[in-house]
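Engineer: just need the structure, nothing else, for what follows:
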Amino acid sequence: MPGAEVAGSAEQAHYLGSVIRKRVGDEVCVFNGQDGEWRAHISVLRRDSVAFRLAARLREQAEEDDLWLVFALLKRDTTDLVVQKATELGASVIQPVMTDRTNASRVNDGRLRAIATEAAEQCERLTVPDIRSPRALGNVLMDWPPDRPLFAAIERVDASPVPSVSGPCGLLVGPEGGFTPQELDVLRRYQFVAPVSLGPRVLRAETACLAGLAVLRSSGGR
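Structural biologist: Okay, the predicted model is just below:
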């Protein structure tokens, strides 16, 4: 509500004070993913703490796409790119997975969340996607909600294009080199998995992530 004071994070304090040189009293826009976007003024700004006093709501919180991205973990810079652009394209959940041909073994979860937060701020999105820790592909499939279609971008197969979808769904993109025959057999066991084509060319994994999200978002998203 107007006049209320809300605390920010140490990272935000550093960015506001040391990077863009804001001062107490300066105007900023803030959001928390639930209450819309607010015009606010910096009321406290120290090296490791910041607080904002709310002035007026600028935008109501709007419903967003329920679009999950599941992708085989890539090298650090490429994973960073996927997280950044998937945030801009409206993914609500970003789930890295480990596959037989995955050529990376770990991520910095905090780093990825910071990248997603910065991307949401840059594109004026009012939510930050849920960045999940890497899991084995088989475990993700076992826990997948059976009523949520999972469109698997599989190269060199006779598959339909990405369809028009208006409800919850997911996109699965494999590693460079594609899924192994054994992994393809596993995918075929699940009725919620639907192979799709992203066109006649063999795309790099990061390109496939972004192209698939863009098509799903344009067909049924906001």
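
Engineer: ok, residues contacting the lowest-mean-pLDDT helix or strand in the chain?
Structural biologist: One helix or strand of the chain scores below all others by mean pLDDT, DSSP states H and E: strand 160-161, with a mean of 80. Strand 160-161 is contacted by residues 196-199, 215 when judged by C-beta atoms under 8 Å, 6 or more residues apart in numbering. (C-beta placed from N, C-alpha, C; glycine too.)

Engineer: buried ones only from those, please, as a ChimeraX command.
Structural biologist: Buried residues among the contacts of strand 160-161 (16 or more other C-beta atoms under 10 Å), as a ChimeraX selection:
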select :196,198,215
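
Engineer: the contacts of strand 160-161 in helices, which ones?
Structural biologist: Using DSSP state H, the members of the contacts of strand 160-161 that fall in helices are Val215.

Engineer: thinking again about what came up before, each with direction, which strands does the least confident helix or strand of the chain pair with?
Structural biologist: strand 193-197 (parallel) (DSSP bridges).

Engineer: mind checking how far the strand it pairs with is from the chain centre?
Structural biologist: Relative to its chain's centre, strand 193-197 lies at 20 Å (C-alpha atoms, centre = their mean, to the nearest Å).

Engineer: can you check stretch 180-187 too?
Structural biologist: Worked out by C-alpha atoms, centre = their mean, stretch 180-187 lies 26 Å from the chain centre.

Engineer: what ranges does the protein have for its helices?
Structural biologist: Here the chain has its helices, by DSSP H, at 10-14, 76-88, 109-122, 137-143, 181-188, 205-220.

Engineer: follow-up on the earlier one: Val157: which of the contacts of strand 160-161 is nearest?
Structural biologist: Taking C-beta to C-beta as the measure, Val157 lies nearest Ser197 of the contacts of strand 160-161, at 7.4 Å.

Engineer: domain ranges for this protein?
Structural biologist: 5-59, 67-220 (automatic domain parsing).
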